[in-house]
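> the sequence and its predicted three-dimensional model are supplied below.
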Amino acid sequence: MAKPLLPDDLWAEIEPLLPSPKPRRYRYPGRKPIDNRRALTGILFVLKSRIPWEMLPQEMGGDSGMTCWRRLREWQQAGVWEAIHHKLLERLEASDRIDWSQALVDSASIRAVGGGECTGPNPTDRARPGSKHHLITDARGIPLHAVLSGANAHDVTQLIALVDGITPVRSGRRGRPRHRPERVQGDRAYDSRAHRAALRTRNIQPQLARRNTPHGSGLGTTRWVVERSLAWLHQFRRLQVHFERRADIHEAFLFPGTRTHLL
C-alpha cells in the first residue's frame with residue numbers, strides 16, 4: 001500500500017489552522033466545494049510530482065486542479081503556511097529537538113521557466129533566468145526560515161532577513177520563547193564586516209568564513225547539515241524549477257516543503 005501524502009497525525013495538527021471553505025452563494029444543485037484535506041492532498045501531490053494543475057488525478061483532490069491552486073493562493077495570503085510552520089516548531093521545541101547553539105545558512109540556485117517575480121540572470125548557468133532558495137536551519141538541520149530571491153542576489157544580502165525571519169518558538173515551559181541562535185555559521189559568501197556587526201547587535205556570534213584565506217577552517221564539518229536540508233527540499237520536483245510567474249505562489253510551495261521535513 002502506498003504511503004499517504006497526508007497522514008492522519010499530520011492532518012490532526014494542520015486541520016485547526018486551515019480556514020473553512022467559503023460558503024456557497026446559492027443553494028442550487030451542483031458540485032460542492034472540495035474539503036480542505038482533499039485540497040491539501042492535491043497541493044502536496046503537485047509539489048512532489050510537478051504535474052500541471054489541470055492534470056491532477058481525481059483521487060488526489062483532482063475534482064478541480066484550479067480549485068487546489070486557488071486554495072494554495074488563499075492560504076498563502078492568510079499566512080496559513082507560516083502558522084503551520086510555527087505550530088510544528090513549537091512541537092519540536094517542547095521535546096527539546098531544536099538545537100539553538102548555532103544556526104547555519106546557505107542557498108541553492110534553481111532555473112526559472114518564463115521569468116517572473118524573484119528571478120534574475122543566474123551567474124552559474126550562463127545568465128539564464130533563475131531563482132535562489134535561501135535557508136537557515138538549526139544545528140541539526142531543522143528549517144527555521146526560508147527566503148526566495150533572484151539568482152543574481154548575493155547570499156549575504158539575505159542573511160539578516162533569514163535571521164530576523166525566525167519566529168519566537170514557545171516550549172511550553174517557563175521563560176521567553178526562543179528565536180535567536182547563539183551563533184550563525186556560513187561560508188565565504190557571507191563574509192561581510194557590516195553583517196557581522198549586525199549579528200553582534202542581536203547578541204549572535206558570527207562564524208562566517210573569510211575570503212582570501214586558506215581553506216581548512218573546519219566549518220564544513222558542521223555546516224553540511226544545511227546543505228543536506230536544501231537537498232531534501234529539492235527532492236520536491238515543483239521546487240527544482242521555478243515555474244510560477246508570481247513569487248507568492250512559489251513561496252507557497254517553498255514553505256510547505258520546509259514544513260514537511262519537520263516531521
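Perfect, thanks for sending it.

> and the helices in the stretch 1-150 of the chain, which stretches?
Using DSSP state H, counting those that start in this stretch, the helices assigned to the stretch 1-150 of the chain run over residues 8-14, 36-49, 65-77, 80-94.

> so residue 162 sits in a helix?
Yes - the assignment for residue 162 (DSSP: H, G, I helix; E, B strand; the rest coil) places it in a helix.

> local confidence estimate at it?
Here, the pLDDT recorded for residue 162 equals 96.

> same check on residue 174?
If you check residue 174, the pLDDT there is 80.

> just residue 84 next, same as before
89.

> so what are the domain limits for the chain?
Segmentation of the chain into domains, based on automatic domain parsing, reads 8-18+32-77, 99-169+178-243.

> for residue 84, which of those is the nearest?
Shortest distance between residue 84 and the domains of the chain, using Cβ to Cβ, is found for domain 8-18+32-77: 5.7 Å. To be clear about C-beta, it is placed using only N, CA and C from the backbone, and glycine gets the same treatment.

> average pLDDT for that closest one?
So the average pLDDT for domain 8-18+32-77 ends up being 86.

> what distance separates the start and the end of stretch 121-137?
27 Å (Cα to Cα, to the nearest Å).

> list the contacts of residue 124.
109, 151 (Cβ atoms under 8 Å, 6 or more residues apart in numbering).

> per-residue pLDDT, it?
88.

> for it, give its distance to residue 132.
Per Cβ to Cβ, to the nearest Å, residue 124 is found 10 Å from residue 132.

> and residue 147, by the same measure?
To residue 132, residue 147 is 8 Å away according to Cβ to Cβ.

> more neighbours: which of the two?
The residue with more neighbours, out of residue 147 and residue 132, is residue 132; 24 against 20, by other Cβ atoms under 10 Å.

> and the more buried one, how far from residue 152?
For residue 132, the distance to residue 152 equals 9 Å [Cβ to Cβ].

> C-alpha coordinates for stretch 93-111, CSV please?
Once non-C-alpha atoms are left out, stretch 93-111 reads as follows in CSV (Å, rounded to 0.1, in the frame of the first residue of the first chain):
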residue,chain,number,x,y,z
GLU,A,93,10.9,22.7,20.9
ALA,A,94,8.6,21.1,23.5
SER,A,95,10.5,17.9,23.1
ASP,A,96,14.0,19.6,23.0
ARG,A,97,14.6,18.7,19.4
ILE,A,98,15.7,22.2,18.3
ASP,A,99,19.4,22.9,18.9
TRP,A,100,19.8,26.7,19.3
SER,A,101,23.5,26.5,19.9
GLN,A,102,24.1,27.5,16.3
ALA,A,103,22.2,28.2,13.1
LEU,A,104,23.5,27.5,9.6
VAL,A,105,22.8,29.4,6.4
ASP,A,106,23.2,28.5,2.8
SER,A,107,21.5,28.9,-0.6
ALA,A,108,20.8,27.0,-3.8
SER,A,109,20.1,28.2,-7.3
ILE,A,110,17.3,26.8,-9.5
ARG,A,111,16.3,27.5,-13.0
